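> Show me how the following folds:
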Amino acid sequence: MDFAAFDWTLYWFMFPVAILVATSAMLSGIGGAAIFAPIFLIIFPLLGPEYPLGSLAAAIGVALFTEVFGFSSGFVGYYRKGLIDFKSAIPFIVVGVPIGIIGALMLNALSEYEEALRAAYGILMLVLFYVIIKVHESKEDMAKAQTESAGRGAEEDDTRETRTITGRDGATYTYGAPRQGKGAAATGLGAFLTGLLGVGIGEVVMPQLVKSNKVPIPVAAATSVFTVIVVVASASFTQISTLIAQGGVNAVPWNVVVYTIPAVIIGGQIGPRLQGKVKQRTMEKAIAYLFLVIGAAMTWIAVRNTFF
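Down below sits the predicted model:
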């Protein structure tokens, strides 16, 4: 790598920004890449010609690459608590990893249709806005629904293997082994969108574990983080490798990630410490309205660049 080719002070402001993004992502449960990519694609060009990241593929690749480290920071916390059910994550990983890689390869294959991809990203943000506001449930809501379901004597699938996880605090959780079933389609779609546009897998795994499989919230949250890390890492590695293969090592904006990676590691530790002080649903709604603005802006930019 030619260190002299980069201005290592240019993106210093991304350090505090990335801490804020990672903290918000941990509080809301929404992937940080969904926020980083619009920063790279919308804000950077407004700052001047010296700031553009190069391409949509580079922006999404760097956003996912950064997100891996942010989630890894949260993973360490969950691992120390002993709450991750690695075995239950396998069905989601088996479906998500290869499809996430396919999505990442598609992003690079469709690079000449960048405005169409930009419009697709904008539309996806608008869809996520609707889903978060109208459909999505917070951990607190899912926990309440799970308790009520148990209180009504909800039917259990007796054919499922019984799993027991005991956390470091001594709390024990017993539940049936999660199954993909019809949820495999949702996992596949989420993984594909993650590889193609940088967001999706984190929004489908947690609800499947809690609502479809009745996994206790603490175990589901920890297992979801591990699953997302593996899927996002595979998609990110594919995108970064493709960038390097096409343009050399310098095609990756290392002068950006040198600030974002340590920042999201810090933010990944701040977020969990603030949980309980800021309601998750409040953060989700704030992120949702941000997605509304991002979606409208990205769609308009794509239309403007195409027709005007």
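> hey, let's count contacts and neighbours off CA atoms from now on
Noted.
> In the helix ranked longest in the chain, which residues are buried?
When the chain is parsed with DSSP state H, its longest helix is helix 217-247. Neighbour-count burial for helix 217-247, counted by 16 or more other Cα atoms under 10 Å, picks out 217-243.
> Could you pull out the strands in this structure for me?
162-166, 172-176 (DSSP state E).
> Distance to residue 102 and mean neighbour count added to the ones you listed, as JSON lines?
Below are the strands of the chain laid out as JSON lines (distance: least, Cα to Cα, whole Å; neighbours: other Cα atoms under 10 Å):
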{"stretch": "strand 162-166", "distance to residue 102": "32", "mean neighbour count": "14"}
{"stretch": "strand 172-176", "distance to residue 102": "31", "mean neighbour count": "15"}
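> Output those as JSON lines; include the columns distance to residue 64.
Compiled in JSON lines, the strands of the chain are given as follows (distance: least, Cα to Cα, whole Å):
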{"stretch": "strand 162-166", "distance to residue 64": "30"}
{"stretch": "strand 172-176", "distance to residue 64": "32"}
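> wait, doesn't residue 268 sit right on residue 23?
Yes: Residue 268 lies in contact with residue 23 (Cα atoms under 8 Å); the separation is 5.9 Å.
> Of the two, give the one with the bigger neighbour count.
Ranked by neighbour count (other Cα atoms under 10 Å), residue 268 and residue 23 place residue 268 first, with 30 against 27.
> so who does that one touch?
22, 23, 26, 70, 71, 73, 74 (Cα atoms under 8 Å, 6 or more residues apart in numbering).
> Equivalent analysis for residue 5, please.
Counted by Cα under 8 Å, 6+ apart, residue 5 has contacts residue 250.
> Outside of stretch 292-299 itself, which residues are in contact with it?
Contacts of stretch 292-299 (Cα under 8 Å, 6+ apart): 38, 42, 118, 119, 120, 121, 122, 123, 124, 125, 126, 129.
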